[in-house]
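>>> Starting from these lines, generate the structure:
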Amino acid sequence: MPTTREPALTAAFIDIADTMVVGYDLIDMAHRLAGHSVRLLDVAAAGLLLTDGQGNLGVLASSNEQAEMLELFQLQADQEGPCLECFHTGEPVTAADLPRWRDRWPGFVSVAEEQGFRTVHALPMRLRESTIGTLNLFRTGVAPLSADDLTLGQALADITTISILQERALTRSETVVEQLQGALNSRVIIEQAKGVLSTYGRISTDEAFTVLRAYARTGNRRLAEVAGAVVTDPEEARQVIRYVGTAP
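Residues are numbered from 1 along each chain as shown. Presented below is the predicted three-dimensional model:
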């Protein structure tokens, strides 16, 4: 591993460890992991799909709108795409130079090209025989990631899986089905809040989410809690928008 990546790798694991022991927020942790994946690996975007425990997948996190659009397309397009194949088989899927895969996933390849992606890696989030989701890495180039990068990407996926299941074991108050379904339900509120902030502040949805996360962290509140307040209380939305000037 290049020495120039070591500080970023150390910072990522410290950040992940912090989310696991202080103020656990599954959605915030997932978005941090997507962001770390982009910073640590040679990819343009990353996303996480998570099952509700009944075999139905939902988008838990994405590093940008292009990745989210592609993830959502897979869920809506007759279960087509490498990320869904990875989930169903429990094995990594690499689709380099996507036009070569058009016969296998015609709709997915077309949408991926529209979003500027040419290569996709889907890595399983699994513990033993149980697969609860996938970490998906999107590249604009046609070449696949190196073996070292794929190993690191799988480690990030494994950390996500362990943290989810560890939280269930610690709380003992929810089943994994309830936890995962709760996280997916929270994403719906967060998406609504992004839309509200984007409209109020005349900013992009990516910028709206950055502000929402920063505001929640500053107040030591959960993302879903702040998002719910933004959706239901115009004054809360205005207060978050006023935070734009100081958000990182």
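
>>> domain assignment for the protein?
3-173, 184-245 (automatic domain parsing).

>>> Need the residue closest to the centroid of this protein.
The centroid of the chain falls nearest to residue 61 when counting by CA atoms, centre = their mean (2.4 Å).

>>> hmm, back to that, what would the domains of the chain look like in CSV with mean pLDDT?
What follows is those, written out as CSV (pLDDT from 0 to 100):
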stretch, mean pLDDT
domain 3-173, 83
domain 184-245, 83
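
>>> wouldn't residue 212 be in contact with residue 189 here?
No: with contact defined as CB atoms under 8 Å, residue 212 does not reach residue 189; the gap is 10.7 Å. (Each C-beta comes from the backbone N, C-alpha and C, glycine too.)

>>> Quick check: neighbours shared by those two?
Residues touching both residue 212 and residue 189 comprise residue 227, with contact defined as CB atoms under 8 Å, 6 or more residues apart in numbering.

>>> Which parts of this structure are strands?
45-51, 57-62, 93-95, 119-127, 130-139 (DSSP state E).

>>> picking that back up, if the residue nearest to the centre of the chain is in a bridge, with which residues?
residue 48 (DSSP bridges).

>>> ok, it to residue 237 distance?
Distance, residue 61 to residue 237, using CB to CB, to the nearest Å: 22 Å.

>>> what do you get for residue 161?
The gap separating residue 161 from residue 237 is 34 Å, by CB to CB.

>>> How about residue 106?
Remark: distance between residue 106 and residue 237 (CB to CB) = 41 Å.

>>> Just want to know which of those two has more residues nearby.
Comparing residue 106 with residue 237 by other CB atoms under 10 Å, the one with more neighbours is residue 237, at 19 against 12.

>>> Quick check: closest non-adjacent residue to the more buried one.
Leaving out its chain neighbours, the residue that sits closest to residue 237 by CB to CB, 6 or more residues apart in numbering is residue 230, at 4.6 Å.
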